[in-house]
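> Give me a model of this one.
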Amino acid sequence: MSGTVRYDLPEADDFTRPYWDAAARGRLLLRRCGDCGRAHHYPREFCPHCWAGEDRVAWETASGRATLYTWSVIHRNDLPPFGTRVPYTAAVVDLAEGPRMMTEVVDCEAAALRIGMPLSVTFREAADGVWVAVFRPEPPAQDA
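Down below sits the predicted model:
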């Protein structure tokens, strides 16, 4: 695939580098505002809720837990490299910390998807050293 434009890779910059470095280590980061206390995702230098500046918003590690808000099973996508992955499940999840996040649900048949189903984060290597957060169903709770 050398020379082919890829549409699934992030454009990391100095600001988002902590996010992508954490993902490569299997950690999902959020930004939380020190003024209003709310977390947000995707990473921004300011709080999108109260507009507090960069000096009031900090990185924190998310729990990795989420619930499925909505999804769409994609059967055709001609942009590289998505065509080799179809069908796949594009989704929006509600993170336990509050923000919604666009992602992909993996390791789950489409017929098993349910709004509100518990999910947990895992990471997929999209390219050499570039890891992205995806979610899979949480295993059923074991009765003690």
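> S72 belongs to a strand?
Yes: per DSSP: H, G, I helix; E, B strand; the rest coil, S72 lies within a strand segment.
> nearest residue to it other than its sequence neighbours?
Using C-beta to C-beta, 6 or more residues apart in numbering and skipping residues adjacent in sequence, the residue nearest S72 is A90, 5.2 Å away. In this view, the C-beta of every residue, glycine as well, is placed from N, C-alpha and C.
> hang on, isn't the one you found packed against M101?
No: applying C-beta atoms under 8 Å as the test, A90 and M101 come out as separate, 11.8 Å apart.
> Comparing those two, which residue is more hemmed in?
M101 (19 against 15; other C-beta atoms under 10 Å).
> can you pull the contacts of the more buried one?
41-42, 66, 92-93, 95, 133 (C-beta atoms under 8 Å, 6 or more residues apart in numbering).
> Check P99 too.
Counting by C-beta under 8 Å, 6+ apart, the residues that P99 touches are 30, 39-41.
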